[in-house]
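Visitor: structure for the following, please:
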Amino acid sequence: MSPTDNQQDVRTIAVVLVATILLGAGLVLGISIHKAPDASAAAVSKAALPATSEPTTPATAMVGEDASVVVDSGVVKFYFASGNADLAAGALAALGESIAAAQAGKRLVISGFHDATGDAAFNAELARQRALAVHDMLVGAGVARTDIELKKPEQTTGSGNNAEARRVEVVIAD
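Guide: Predicted coordinates for the structure are as follows:
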């Protein structure tokens, strides 16, 4: 064997080895991506519920640790991630019936809730910020401030579900 043939064999082996390593890494990455749950898709599917007056699945079945929005018997319920006041995707769409009702002369009542864990003052302030986020979205959608009533944040007790307690409700008043 000549030295040139030996160098070419080494190069061929190196190329095959590098290609095998890249293929293996790509396979592992592809499998891990395929098996990982898509949290953003779950949040979007929760948030994409129609804003109708028909009862939907009870909110407690939809509540997790991520932000979501559910329309339950005409009440729009916004759920928030712990320590966060960001609204879920689809929040404006879920408010469609409420916005239409306000534009037809009805009042909207926004109630913020929080759980009993942690600092009560912090939780009440966070519930207020969450209610104001919903309020600001309604005002941005054309609802007059005078058609919106903000209730004082309330502490939820006894449910045992802190994710359920981290919510803001929008109710169409009679």
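
Visitor: the residue nearest to residue 150 when sequence neighbours are not counted and residue 98, how far apart?
Guide: Closest residue to residue 150 apart from its sequence neighbours, by CB to CB, 6 or more residues apart in numbering: residue 110 at 5.3 Å. Every residue, glycine included, has its C-beta placed from N, CA and C. According to CB to CB, to the nearest Å, residue 110 and residue 98 sit 10 Å apart.

Visitor: which parts of the one helix or strand residue 136 maps to are buried?
Guide: Element membership for residue 136 (DSSP states H and E) is helix 120-140. By neighbour count on 16 or more other CB atoms under 10 Å, the buried set for helix 120-140 is 123-124, 126-128, 130-131, 133-135, 137-138.

Visitor: with stretch 77-89 instead?
Guide: So for stretch 77-89, counting by 16+ other CB under 10 Å, buried means 77-81, 85, 87-89.

Visitor: start and end of that stretch, how far apart?
Guide: Chord length of stretch 77-89, first to last residue, is 13 Å (CA to CA, to the nearest Å).

Visitor: so which residues of this structure form strands?
Guide: 68-72, 75-79, 107-114, 148-150, 154-155, 167-173 (DSSP state E).

Visitor: need the residues touching each of residue 110 and residue 98.
Guide: 138, 170 (CB atoms under 8 Å, 6 or more residues apart in numbering).

Visitor: compare the two and say which is more crowded by neighbours.
Guide: Per other CB atoms under 10 Å, whichever of residue 110 and residue 98 has more neighbours is residue 98, with 25 against 22.

Visitor: ok, that one touching residue 173?
Guide: No - using CB atoms under 8 Å, residue 98 is not in contact with residue 173, being 10.5 Å away.

Visitor: mind listing the shared neighbours of the two?
Guide: Shared contacts of residue 98 and residue 173, counting by CB under 8 Å, 6+ apart, come down to residue 108.

Visitor: before we move on, the earlier item: and of the strands of the chain, who's closest to residue 6?
Guide: Nearest to residue 6, of all these, is strand 68-72, at 64.1 Å by CB to CB.

Visitor: the closest one to strand 75-79, inter-axis angle?
Guide: What separates the directions of strand 68-72 and strand 75-79 is an angle of 160 degrees, with axes from the mean of the first three to the mean of the last three CA atoms, to 10 degrees.

Visitor: tell me the mean pLDDT for strand 68-72?
Guide: The average pLDDT for strand 68-72 rounds to 89.
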